[in-house]
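Asker: let's see this in three dimensions:
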Amino acid sequence: MNDDHLTVTAVPGIRVGHATDLDGLTGCTVVLCEEAAVGGVDQRGGAPGTRETDLLRPLHLVDKVNAVVLAGGSAFGLAAADGVVRYLEEQNVGFDAGVARVPIVSAAILFDLDLGSPDARPDAAMGYAACEAASDGPVAEGNVGAGTGATVGRILGPQRGMKGGLGSAAVSLGDRLVIGAVVAVNAFGDIVDPDNGRILAGARGPESDEPVDTLAVMERLSRSAPSPSGSSTVIGVVACNARLTKEETNKVAQMAQDGIARAVRPAHTMFDGDTLFALATGGEPADVNLVGAYAAEVVADAIVRAVRAAEGVGRIPAHRDL
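Answerer: Numbers count the residues shown, from 1 in each chain. Prediction:
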């Protein structure tokens, strides 16, 4: 793997495309599998918004996925998957149902309606455009795609948070095995550096732009904690070129959630819809424990990269601004 290409598209067979609305502050990101990949999913937050996740679990017929969509727009953003389905149908890609090929497209959304225009939502046209823009080059990060309207640290309200974004990371193990992740970071909690626990982006106090500790605020407000408007979430895709079964791929998605717990504090709250998909494109024999362990590492790296690459919007500062 080229050291200059440390994003999820370093995984052979994976392409990523974005559609970005910088006026409405929303967008979507599409992960395309050149050949259908074995899929898995793990959903942990209390406020999810998803499509085609049940079929990814063991005991179900379909075991391969053609694409995964990450989108803003709350539940409205699930419409972006319709455009991806149309694009793949035109390419004659999908599950052979006899009378037609049905593209298998899973999706998850995040809530960004309170940053830009609440009327701006990813739709089928944006999903189609993201497919057209997809490539195997390094993934653009920050205020792009599903990370365009993302914010973090929302306990004191969205206007006292900081800018989230989209990030990607990858690691090469041995000569051939590659594991990568792309993550849209819109967390209720703070984003911390896993190496030292320092807050990189999160809730800001009423009199300063410096981040405050969300856990400390939660303790202080434990008897009268405000309910954040809307909801938050971290959504993403972990991909690898390992040869895994459907059960093993679901295990990778489960283990990858540890990356969220390392980089987001607190994670998996009732206000979050934290959902991670896993894709195994096959080809390389690998131990599922190794793949899952490093999946958590690249998820944590991608989360940190997302907030480091993000740019401030209006009165919402980013990590780089402070």
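
Asker: so what's the residue nearest the centre of the chain bridging to?
Answerer: The centroid of the chain falls nearest to residue 236 when counting by CA atoms, centre = their mean (2.3 Å). Residue 236 has these beta-bridge partners by DSSP bridges: residue 183, residue 276.

Asker: for it, give me the pLDDT.
Answerer: Here, the pLDDT recorded for residue 236 equals 98.

Asker: just checking, it touches residue 279?
Answerer: No: using CB atoms under 8 Å, residue 236 is not in contact with residue 279; the gap is 11.2 Å. Bear in mind the C-beta positions are built from the backbone N, C-alpha and C, glycine included.

Asker: residue 84 in helix, strand or coil?
Answerer: At residue 84 the chain is in helix, as set by DSSP: H, G, I helix; E, B strand; the rest coil.

Asker: how about it, what does it touch?
Answerer: 30, 67, 69, 103, 105, 127, 128, 130, 131 (CB atoms under 8 Å, 6 or more residues apart in numbering).

Asker: got it, and residue 110?
Answerer: By CB under 8 Å, 6+ apart, residue 110 lies in contact with 49, 70-72, 74, 77, 146, 150, 184, 186, 232-233, 235, 273.

Asker: same check on residue 214?
Answerer: Residue 214 is in contact with 153, 155, 188, 189, 190, 202, 203, 265, 266, counting by CB under 8 Å, 6+ apart.

Asker: among the residues you listed, show me the least confident.
Answerer: Where pLDDT dips furthest among these: residue 155, at 91.

Asker: tell me if I'm right that it and residue 218 touch.
Answerer: Yes: using CB under 8 Å, residue 155 is in contact with residue 218, at 6.6 Å.

Asker: circling back to that earlier point, looking at the contacts of residue 84, which are in strands?
Answerer: Among the contacts of residue 84, the members falling in strands (DSSP state E) are 30, 67, 69, 105.

Asker: would you list those in TSV and tack on distance to residue 295, neighbour count and pLDDT?
Answerer: As requested, these are exported to TSV (distance: CB to CB, whole Å; neighbours: other CB atoms under 10 Å; pLDDT from 0 to 100):
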residue	distance to residue 295	neighbour count	pLDDT
30	20	33	98
67	19	31	98
69	20	35	98
105	22	25	98
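
Asker: and of those residues, the nearest to residue 18?
Answerer: Distance ranking of those against residue 18, using CB to CB, places residue 30 first at 7.8 Å.
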